[in-house]
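> What shape does this take:
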Amino acid sequence: MGITLTPTTIITGLVMAIALGMFIWFFVGMQMNLVRGNAALRWMKDGIKLLSEKTSLRWLGSSVVQLGMTDPRPPFKHIDILVMLEPRDVAVMWLASRRGGRRDALILRGNLRRPACCEFDVLDPSSWSGKDALKHHTPAEWARQTRDGLLFAAEGEAAVEVAQQILPLAQKMGGRLVRLSARSTVPHLEIHLLAPWNGSVDGKDSLAIYRQIGEMLLLKP
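Numbers count the residues shown, from 1 in each chain. Sure thing, here's the model as predicted:
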């Protein structure tokens, strides 16, 4: 005996198909992020020891890995490292975030033993990180200028000079640099890189540069 197709059975079938599709998408997206997150952790493994002996690790959902260092080596007092992955497990969120420029990224936020010597932002204004900084974190009164596709915003000329000295180092950390920020308030040093674990720069070398940049920000310009 065949199944009679009524509006109710058609709608029920469509709902079940959509639900199954969403479940498969969620599972595949979650697995993809687990692979990427673990790759990032392997990349950082040796470099983390340069920053701290003790590190806490936790997954925040399937899109964020957080590493916390409450007693890091000088010049830092506290460090948070975030592996920010695209929300691949939720189709609508993934599509919306990609339209906004979000990509897999490494975010390093460090509190120094004392405030940074100056304040500035170097941003890729087309990136998700750059857009967020300009909207919420970069003071409107700071002078701004664009160089080689990056936006420089700083409290004064001395801060611009420090940013210019540090930028080449930050660009050697791997991936594409989309944000380099220094502040007198915490976090004093923030750097955003697009998936540096996929590049040719070793994680140990990258985090050694981050520590070097922190030391530079404690020096007077």
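
> show me the contacts for Ser52.
Counting by CB atoms under 8 Å, 6 or more residues apart in numbering, Ser52 makes contact with Met69, Asp71, Pro72, Arg73, Ile79. All C-beta spots, glycine's among them, are computed from the backbone N, C-alpha and C.

> Between those, which sits nearest Lys49?
Ranked by distance to Lys49 (CB to CB), the contacts of Ser52 are led by Arg73 at 9.4 Å.

> Was I right to think the closest one contacts Lys49?
No. If you go by CB atoms under 8 Å, Arg73 and Lys49 don't touch, sitting 9.4 Å apart.

> how long is stretch 108-120 from one end to the other?
Stretch 108-120 stretches 16 Å from its first residue to its last (CA to CA, to the nearest Å).

> Quick check: buried residues in it?
The neighbour-count check on stretch 108-120 (16 or more other CB atoms under 10 Å) flags Leu108, Arg109, Gly110, Asn111, Leu112, Pro115, Ala116, Cys117, Cys118, Glu119, Phe120 as buried.

> now do stretch 172-188
In terms of neighbour count (16+ other CB under 10 Å), stretch 172-188 has its buried residues at Met173, Gly174, Gly175, Leu177, Val178, Arg179, Leu180, Ser181, Ala182, Arg183, Pro187, His188.

> Tell me the helices and strands packed up against the longest helix seen in the chain.
Longest helix in the chain by number of residues (criterion: DSSP state H): helix 7-51. On a contact count with 3 or more CB pairs under 8 Å, 6 or more residues apart in numbering; DSSP states H and E, helix 7-51 meets strand 64-69, strand 76-84, helix 91-99, helix 203-216.

> Deepest in the core, which of these is it.
Comparing the helices and strands packed on helix 7-51 by mean neighbour count (mean count of other CB atoms under 10 Å), strand 76-84 ranks first with a mean of 21.

> from the chain's centre, how far out does that one sit?
10 Å (CA atoms, centre = their mean, to the nearest Å).

> One more: stretch 212-221?
Remark: stretch 212-221 is offset 22 Å from the chain centroid, using CA atoms, centre = their mean.

> Give me the contact list for that stretch.
75-76, 110, 112-114, 116-118, 158-159, 161-162, 165-166, 169-170, 182, 188-189, 191.

> Report the beta-bridge partner residues of the closest residue to Leu60 other than its chain neighbours.
Closest residue in space to Leu60, ignoring its immediate chain neighbours: Gln66 at 5.8 Å, by CB to CB, 6 or more residues apart in numbering. As for beta bridges, Gln66 partners with Arg58, Leu82 under DSSP bridges.

> Would you agree Gln66 is in contact with Met84?
No. If you go by CB under 8 Å, Gln66 and Met84 don't touch, sitting 9.8 Å apart.

> sorry, back to before: quick one: which of the buried residues of stretch 172-188 sit in strands?
Under the assignment DSSP state E, the buried residues of stretch 172-188 contribute Leu177, Val178, Arg179, Leu180, Ser181, Ala182 to strands.

> Report the secondary structure state of the residue lying closest to the last one once chain neighbours are set aside.
Read that as Ala182. Nearest non-adjacent residue to Ala182, counting by CB to CB, 6+ apart: Ala116, 4.4 Å away. State at Ala116, reduced to three classes by DSSP: H, G, I helix; E, B strand; the rest coil: coil.

> cool, and Ala159?
Once three-state DSSP is applied, Ala159 turns out helix.

> Skipping adjacent residues, who's closest to it in space?
Cys118 (3.8 Å).

> okay, the one you found: pLDDT?
Looking at Cys118, its pLDDT is 95.
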